[in-house]
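Trainee: here are the coordinates; sequence isn't available:
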């Protein structure tokens with residue numbers, strides 16, 4: 001039994017065109033989303049979390065002008081400082097001073 005002779009020419013469309021069009025429109029899988037988040041630093045995760053609190057996606061932020069990005073980054077910095085001062089940070093370890 002030969003693998004190369006099993007249905008290799010039975011499909012009228014090339015496999016790459018079928019797969020290419022399907023994967024271009026497909027949402028990232030849960031695994032892909034997890035791996036993206038797991039690969040981020042804690043600072044990146046916190047920044048993205050703050051962006052979402054402002055109703056801005058990471059892609060929208062990247063598409064903004066540098067001046068607008070600076071304004072948003074400053075707003076996020078103020079939010080972090082406010083949370084640190086109020087002690088109302090969500091979750092433990094969000095903002096922490098530690099001496100080693």
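Mentor: In hand now; what should we look at? Every value quoted in this text rests on a predicted model; they were computed, and no experiment measured them.
Trainee: low pLDDT regions in the protein?
Mentor: For the chain, the stretches flagged by pLDDT under 70 are 1-25, 88-100.
Trainee: residue ranges for the helices of it, please.
Mentor: In the chain, the helices defined using DSSP state H lie at 15-25, 30-38, 42-53, 58-63, 66-86.
Trainee: tell me which residues are up against the second one.
Mentor: Residues from elsewhere that reach helix 30-38, judged by C-beta atoms under 8 Å, 6 or more residues apart in numbering: 28, 45. Yep, even glycine has a C-beta here, placed from its N, CA and C like the rest.
Trainee: repeat that for 10 Å
Mentor: Contacts with helix 30-38, where a contact means C-beta atoms under 10 Å, 6 or more residues apart in numbering, come from 27-29, 44-45, 48, 58.
Trainee: then the fourth one?
Mentor: Outside of helix 58-63, the residues within contact range by C-beta under 10 Å, 6+ apart are 36, 44, 47-48, 51-52, 54, 57, 68-69, 72-73, 76.
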